[in-house]
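Enquirer: I would like the atomic coordinates for the input below:
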Amino acid sequence: MLDNLAVIRETLYSGLADVIVETPSILTLMSRGPEWASRAFFASTALAILEIALTRVDHSGVRVVHMGRSTPRTIGPHETPPYLRGFLSKLLEVSDAAKAMELEDDERAMREAAEGDVTSEPRMERLKERLEKGAGEGDGPGSRSSVDGSVAMLANAIGELAIGMAKLPSFQDRQAEVFKILAAISSY
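Expert: Sure thing, here's the model as predicted:
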């Protein structure tokens, strides 16, 4: 089961790499100096959790990244160490909520386009912005993030997962390496 945790960790880190490539503002945070590293790491971890929730999680568990040593597989509750089943359950909940939000965004955009209305900004984009910038950034009355409580609730759930995962010894073991990679990427 501990091997499964390593595979899940590597799956998250592959999502982290995708986030770094696709989110230039993370690199901008890193370029501000070492004091911004933890904020950049947290933002990229939260965005990676969202990416994994949208693309690699289904009702049976996490479809892990293929690391060349085994066949691709899904790790579900029975393959997860008992102390991590709460995390997996929370990830499944986040996945369901994020996929529902994405579907509702798509349906709203199609409806607005069919009616000739200006399409509103997808809540998924507001969620990504909130995860990227952190809670409290631009959350004043009337701000895009404060308009929809579901964005804040989902951002908070993802933030809780990111904090909890960062506290796990198996993630802490590799965290220093990930910080070095982030720093190296930001120097380009």
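Enquirer: the strands in this protein, which residues?
Expert: Secondary structure of the chain (DSSP state E): strands located at 57-58, 61-63, 74-75.
Enquirer: Those strands: which one's closest to R111?
Expert: In terms of C-beta to C-beta, the element of these nearest to R111 is strand 57-58, at 26.7 Å. Glycine gets a C-beta too; all of them are placed from N, C-alpha and C.
Enquirer: which one of the strands of the chain is the most hemmed in?
Expert: Burial of those is given as mean neighbour count (mean count of other C-beta atoms under 10 Å); strand 61-63 ranks first at a mean of 21.
Enquirer: In its sheet, which strands sit next to that one, and in what direction?
Expert: Sheet pairing for strand 61-63, assigned by DSSP bridges, gives strand 57-58 (antiparallel), strand 74-75 (antiparallel).
Enquirer: Just send the ones you listed back as a markdown table, with distance to R108 and mean pLDDT too.
Expert: Shown next, in a markdown table, are these (distance: least, C-beta to C-beta, whole Å; pLDDT from 0 to 100):
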| stretch | distance to R108 | mean pLDDT |
| --- | --- | --- |
| strand 57-58 | 23 | 91 |
| strand 74-75 | 31 | 84 |
